[in-house]
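In: Any chance you could fold what I've pasted below:
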Amino acid sequence: MSRVYNFCSGPAALPEEVLLKAQKEMLDWHGMGMSVMEMSHRSDEFVSILHSAKARLSRLLNINDDYEILFVQGGASSLFAQIPANLMTGFSSSSYLDTGVWSTKAIKEAGKYGAVSVVASSKGDNYSHVPQFSDWKIDESSAYLHITPNETIGGVEFADLPETNLPIVADLSSTILSRQIDVSRYGMIYAGAQKNVGPAGVVICIVRKDLLSRSQGSLPTTWNFANLAANDSMINTPPTFAIYLADLVFEWLEQRGGVAAMEAINIEKAELLYRTIDESALYSNHVDVASRSRMNIPFILADESLEKAFLEESEAAGLKTLAGHRSVGGMRASIYNAMPIEGVQALVDFMKSFEKRYG
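Out: I've put the predicted structure just below:
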């Protein structure tokens, strides 16, 4: 068997070293004679895995004691509703930035819990850039400001934060642990695991403790952030194997120098691929240069009739899942932390070869 280079946007590639360690421990975790998937989530053994994952994540992101780390089920899309249900208590509105498909979905769910103030939108420009902070109209009386710093489908990303007194809630599903951030500037961070952290089935939530008081007893028990924090994310059986794999990924990141080292690699990978696109007569990317994502790089071919050949030949070359999202078409290469520079180089070499033959 030979491993391929998997450019899927999620569930995405995992580090081979992590998969090999999980394979080794599959039938017998640390002499227990059973898999993590089989052990009680209340056992000392699994609790040690959970606490290890939280401790490693805290070190990687420099999370201080003002925050709780939760492992939540349902996917980031469930958090689109869970967040306003918890955080809008005592407020009549929330504020959202609209930069693409996922922020639009989050806005729609939040609207079920109260008025939504859209502070700015790039929809009119086909979501090709991030609106300038000077153009944002933030309602400082709202419950929080929600942002999606990376739009996985459109390939738009930004790292800076606006000046506001509101708690900033950020969907970091595609960028968590790929670049350095200052957690203390956020009220809440959430991220589906299936891109940079592990398998689908768990969402990492980093919530400032003072916001937990907004969670009301009338909420469904498993939706209540305060209840989840008080019960160490184990109100019911958590996704134990997904948390275990997340801990292995955190360990892998620590062994490679942490987030700063990974960010340097991610910059190199993205620059290599964007340079190839920009220097080509066949490929192009519609996103403004200042708003380009490091993680999700969409591109189109000047001759759309070549797309089928591109996808078939790239797959035959071991370059998998390069088709763009069904809503936009074209191509997309997702180059998360687990994608090695060698994978991006293999893609670039193929793109250049393809252009010579068809361009």
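In: contacts and neighbour counts: CA atoms only from here.
Out: OK.
In: Mind pulling the model confidence for Ser327?
Out: At Ser327, the pLDDT value in this model is 77.
In: excluding its backbone neighbours, what's nearest Trp29?
Out: Once flanking residues are discounted, Trp29 sits nearest to Ser35: 5.6 Å by C-alpha to C-alpha, 6 or more residues apart in numbering.
In: again, but for Ser9
Out: Ser334 is the one closest to Ser9 (C-alpha to C-alpha, 6+ apart), at 5.2 Å.
In: just Ser58 next, same as before
Out: Among residues not flanking Ser58 along the chain, Asn64 sits closest, at 7.3 Å (C-alpha to C-alpha, 6+ apart).
In: That neighbour and Tyr186, how far apart?
Out: Using C-alpha to C-alpha, to the nearest Å, Asn64 is found at 12 Å from Tyr186.
In: Pick out whichever of the two has more residues nearby.
Out: Tyr186 (19 against 12; other C-alpha atoms under 10 Å).
In: residues touching that one, list them.
Out: The neighbourhood of Tyr186, defined by C-alpha atoms under 8 Å, 6 or more residues apart in numbering, consists of Pro167, Ile168, Val169, Ala170, Arg208.
In: Backbone dihedrals for Leu301, both of them.
Out: Backbone torsions for Leu301, taken as degrees, to the nearest 10, come to phi -100, psi 140.
In: right, and it touches Ala309 too?
Out: No - at 11.2 Å, Leu301 does not count as touching Ala309 under the criterion of C-alpha atoms under 8 Å.
In: Comparing the two, which shows the higher neighbour count?
Out: With neighbours defined as other C-alpha under 10 Å, Leu301 and Ala309 compare such that Leu301 has more, 20 against 12.
In: Can you tell me the closest non-neighbouring residue to that one?
Out: Closest to Leu301 by C-alpha to C-alpha, 6+ apart is Tyr283, at 4.8 Å.
In: OK, contacts around the one you found?
Out: Counting by C-alpha under 8 Å, 6+ apart, Tyr283 makes contact with Ile277, Phe299, Ile300, Leu301, Ala302.
In: okay if I get these as TSV plus pLDDT and distance to Ala106?
Out: Putting these into TSV (pLDDT from 0 to 100; distance: C-alpha to C-alpha, whole Å) gives the following:
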residue	pLDDT	distance to Ala106
Ile277	98	31
Phe299	97	25
Ile300	97	27
Leu301	97	31
Ala302	96	33
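In: Report the buried members of the residues you listed.
Out: Among the contacts of Tyr283, those buried by neighbour count (16 or more other C-alpha atoms under 10 Å) are Ile277, Phe299, Ile300, Leu301.
In: Show me those residues that map onto strands.
Out: Using DSSP state E, the subset of the buried ones among the contacts of Tyr283 located in strands is Phe299, Ile300, Leu301.
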